[in-house]
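# Here is my input; please provide its structure:
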Amino acid sequence: EMAEAALGAAGLHFDELNKLRVLDPEVAQETAQLREECAAFLDEIVEFQKTVGSLIELVDQLAKVAESEKMKAIGARNFLKSIAKQREAQEQQLQALIAEKKMQLERYRIEYETLCKTEADQNEFIDQFIFQK
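Numbering: from 1, shown residues only. Have a look, this model is predicted:
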């Protein structure tokens with residue numbers, strides 16, 4: 001034991017197989033355990049990175065789909081606006097046509113009244129002419 005203490009003081013130790021070691025067997029065991037835990041931690045980190053990578057990919061795909069749908073909606077809205085403008089223009093044209101036809105109707109009514117008056121005047125003249133004979 002004295003030899004072990006002297007070796008221990010010099011930083012040398014015997015392991016379970018009685019081989020001479022620089023590291024304390026306990027420290028060597030803790031180091032090996034820490035190495036295993038680090039390896040397991042690294043594996044978990046790699047798995048986490050894979051999960052995050054696939055999540056980012058999925059979010060990117062969803063963003064592309066959302067952008068595509070947004071563009072479709074904007075296109076549909078613009079199309080509906082253009083249809084509304086076309087209908088408005090058609091309505092204005094039809095209103096103008098109605099106004100024109102009303103004016104034409106008024107001219108025909110006046111012309112008809114004038115012709116009726118002329119006919120009545122002519123009939124009266126004919127009646128007077130016949131009675132004078």
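# How far away from the center of its chain is the top helix by length along the chain?
Taking DSSP state H as the criterion, the chain has its longest helix at helix 25-132. Distance of helix 25-132 from the chain centroid (C-alpha atoms, centre = their mean, to the nearest Å) equals 15 Å.
# So what's the model's average confidence on that helix?
Per-residue pLDDT over helix 25-132 has a mean of 95.
# list the helices and strands that helix packs on?
Where contact means 3 or more C-beta pairs under 8 Å, 6 or more residues apart in numbering; DSSP states H and E, helix 25-132 is not packed against any helix or strand. In this view, the C-beta of every residue, glycine as well, is placed from N, C-alpha and C.
# and if we set it to 10 Å?
If you count contacts as 3 or more C-beta pairs under 10 Å, 6 or more residues apart in numbering; DSSP states H and E, helix 25-132 packs onto strand 13-14.
# tell me the contacts of Ala63?
If you count contacts by C-beta atoms under 10 Å, 6 or more residues apart in numbering, Ala63 has none.
# Quick check: it vs Arg107, distance?
66 Å (C-beta to C-beta, to the nearest Å).
# Just the CA atoms from stretch 96-112 would do, formatted as CSV, please.
Only the C-alpha atoms of stretch 96-112 are listed here, as CSV (Å, rounded to 0.1, in the frame of the first residue of the first chain):
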residue,chain,number,x,y,z
ALA,A,96,-77.7,56.6,-73.1
LEU,A,97,-79.6,54.4,-75.6
ILE,A,98,-82.7,54.7,-73.5
ALA,A,99,-82.4,58.5,-73.3
GLU,A,100,-81.9,58.6,-77.1
LYS,A,101,-84.9,56.4,-77.7
LYS,A,102,-87.1,58.5,-75.4
MET,A,103,-86.1,61.7,-77.3
GLN,A,104,-86.9,59.9,-80.6
LEU,A,105,-90.2,58.8,-79.1
GLU,A,106,-91.0,62.4,-78.1
ARG,A,107,-90.1,63.7,-81.6
TYR,A,108,-92.4,61.0,-83.2
ARG,A,109,-95.2,62.0,-80.7
ILE,A,110,-94.9,65.6,-81.7
GLU,A,111,-94.7,64.7,-85.4
TYR,A,112,-97.8,62.4,-85.0
